[in-house]
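A.B. asks: here is my input, please return the structure:
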Amino acid sequence: MTADAPSASHPLQPVDESWQRGLAIVAHPDDLEFGAAAAVARWTRQGKQITYVLLTSGEAGIDGLDPAEAGPVREEEQRASAAIVGVSQVDFLGLPDGVLEYGVALRRDLSRVIRTYKPDIVFTNNFRDSWDTAGDALNMSDHIVTGRTVLDAVRDAANRWVFRDQIDAGLEKWGGVREVWAAGSPMAKHGVDITETFDLGVRSLEAHAAYLRGLGSGDFDPEEFLEGISRQTGNRLGVRYGAGFEVFRLGLH
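C.D. replies: Here you go, the predicted structure:
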């Protein structure tokens with residue numbers, strides 16, 4: 001554990017929920033459902049508007065299914081999953097699964113998305129090197145690339161002189177992103193109570209049926225998996241079930 005890493009028993013602070021528009025940017029279908037979807041359900045119930053943007057279609061994620069078949073299946077499952085938690089706008093950028101690359105091209109794509117949807121809060125997945133503070137549960141490249149690019153693209157979107165072709169084409173710069181929240185980060189110091197929407201989170205993960213069948217052993221239990229994570233996070237919030245987020249304040253205002 002690094003000196004700055006919070007312990008598993010360290011209390012979490014509630015996130016600031018005084019916002020209206022959220023934009024979730026992740027690498028693959030199912031990324032949000034492994035922990036954050038129940039929080040999305042809470043926020044859509046509050047009347048917040050949330051959009052999903054998936055960089056890939058997850059076409060390389062099912063070993064026994066050719067990518068040409070897997071991509072459309074996973075897109076369909078993601079749309080159904082999003083609908084369960086109250087999200088109707090789901091975009092796929094069509095980038096290649098498993099080999100996302102950090103760089104100007106991806107920053108440009110995400111800047112365009114941010115300028116288009118003008119969110120108050122941007123969500124992404126954990127993009128630390130590991131899923132735990134000990135460094136034993138290694139993260140994967142697509143998640144790391146996506147999250148790091150999201151941070152830069154938020155700044156890019158706020159600068160009228162970066163990707164100026166987008167401005168010239170009619171998009172406006174957008175500096176209204178208050179914070180970026182990374183779900184499932186081992187460095188999380190904030191969280192949200194998902195007790196009332198936990199079941200919706202389970203259903204949203206179950207909607208990825210083809211992907212879950214492809215995990216191998218066939219004995220993966222979405223409810224058991226999410227309960228283990230959510231109870232531990234909930235304990236740190238003082239509630240039954242919780243979702244944790246690492247909050248990045250970018251100082252754009």
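
A.B. asks: need the outlier residue of this protein, farthest from its centre.
C.D. replies: Here the chain reaches farthest from its C-alpha mean at residue 168, the gap being 29.9 Å by C-alpha atoms, centre = their mean.

A.B. asks: how about that one, phi and psi?
C.D. replies: The phi and psi torsions at residue 168 (degrees, to the nearest 10) take the values phi -60, psi -30.

A.B. asks: any idea how far residue 161 is from it?
C.D. replies: 11 Å (C-beta to C-beta, to the nearest Å). All C-beta atoms are positioned from the backbone trio N, CA, C, and that covers glycine.

A.B. asks: my read is residue 176 is in a strand, agree?
C.D. replies: No: using DSSP: H, G, I helix; E, B strand; the rest coil, the assignment for residue 176 is coil, not a strand.

A.B. asks: so it sits against residue 121, correct?
C.D. replies: No: between residue 176 and residue 121 there is no contact under C-beta atoms under 8 Å: 9.9 Å.

A.B. asks: looking at these two, which one has more neighbours?
C.D. replies: Taking other C-beta atoms under 10 Å, residue 176 and residue 121 do not tie; residue 121 has more neighbours (24 against 17).

A.B. asks: who's in contact with the more buried one?
C.D. replies: By C-beta atoms under 8 Å, 6 or more residues apart in numbering, the contact set of residue 121 is 19, 21-23, 177-181.

A.B. asks: and for residue 99, the neighbour number?
C.D. replies: Residue 99: 11 neighbours (other C-beta under 10 Å).

A.B. asks: quick one: secondary structure of it?
C.D. replies: coil.

A.B. asks: tell me if I'm right that residue 70 and residue 58 touch.
C.D. replies: Yes: with contact defined as C-beta under 8 Å, residue 70 reaches residue 58; the gap is 7.0 Å.

A.B. asks: in this protein, which helix or strand is least confident?
C.D. replies: Ranked by mean pLDDT, DSSP states H and E, the weakest helix or strand in the chain is helix 209-213, scoring a mean of 92.

A.B. asks: all strands of the protein, in order?
C.D. replies: Taking DSSP state E as the test, the strands found in the chain are 13-14, 21-26, 49-54, 89-92, 121-125, 179-183, 190-193, 242-249.

A.B. asks: can you redo these as a markdown table with mean pLDDT and distance to residue 221?
C.D. replies: Compiled in a markdown table, these are given as follows (pLDDT from 0 to 100; distance: least, C-beta to C-beta, whole Å):
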| stretch | mean pLDDT | distance to residue 221 |
| --- | --- | --- |
| strand 13-14 | 96 | 29 |
| strand 21-26 | 98 | 23 |
| strand 49-54 | 98 | 25 |
| strand 89-92 | 98 | 26 |
| strand 121-125 | 97 | 21 |
| strand 179-183 | 98 | 21 |
| strand 190-193 | 98 | 23 |
| strand 242-249 | 97 | 19 |
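
A.B. asks: report the contact partners of residue 113.
C.D. replies: Residue 113 neighbours (C-beta under 8 Å, 6+ apart): 23, 25, 53, 91, 93, 153.

A.B. asks: of the residues you listed, closest to residue 47?
C.D. replies: In terms of C-beta to C-beta, no member of the contacts of residue 113 lies closer to residue 47 than residue 23, at 16.3 Å.
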